[in-house]
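Asker: fold the following and give me the result.
(one chain, ligands or ions: 2)
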Amino acid sequence: MSSHSTTDLRLREALEASGQRFTEQRAAVFHYLATTDVHPTADEVFLAVRQELPVISLATVYKSLETLVGCGLAVKLSYADHSARYDGRTDPHHHARCVVCERVLDLPGEISSGEIEALRGTAGAFTVTGYRLELSGYCPECLLSQEAAVSA
Ligand SMILES: [Zn+2]
Ligand SMILES: [Zn+2]
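Answerer: Ligands and ions are numbered 1, 2, ... in the order given. All right, here's what the predicted structure looks like:
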């Protein structure tokens, strides 16, 4: 329970700094994001949080997720097909996304700031405010089934 009270305190402070109220729903969503590294969709967050808070609605989960993102407590990963995943890790890190099952994994590696600076130099009149790196490929499970399909 002590880990819950530490995350609750962090949540309360961040919400209040953004003029938002601490609610049980926001806390439940935040706890789930803080304890998983699967980068869930809003639907997946809803299914998980409902175990703890059966009365919560999908709309409330959506709003709670957006509030957490707005307070800097979570990161939203948006994709070209309009889907989105949420990350409880807000420190800079990179992702690998499986092109088959769309699972998103954290990568331990980093790009050196020198390389980022070199890229920024090629941007010309474009003002760079950030960047996002995502590797794409096959997760171990999908690679196995891919290989099985090829050799069958
Ligand atoms: Zn996969
Ligand atoms: Zn991540």
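Asker: does the helix or strand hosting C142 come close to ligand 1?
Answerer: Assigned by DSSP states H and E, C142 belongs to helix 140-151. Yes - legend: contact between helix 140-151 and ligand 1 by CB under 5 Å from the ion is shown at C142. In this view, the C-beta of every residue, glycine as well, is placed from N, C-alpha and C.
Asker: which non-adjacent residue is nearest the most centrally placed residue in the chain?
Answerer: Note on the chain: the residue nearest the mean C-alpha position is D87, at 1.7 Å, using CA atoms, centre = their mean. In space, and not counting its chain neighbours, D87 is closest to V75: 4.4 Å by CB to CB, 6 or more residues apart in numbering.
Asker: OK, contacts around that neighbour?
Answerer: Neighbouring residues of V75 by CB atoms under 8 Å, 6 or more residues apart in numbering: V69, Y86, D87, R89, T90.
Asker: need phi/psi at it.
Answerer: phi -120, psi 140 (degrees, to the nearest 10).
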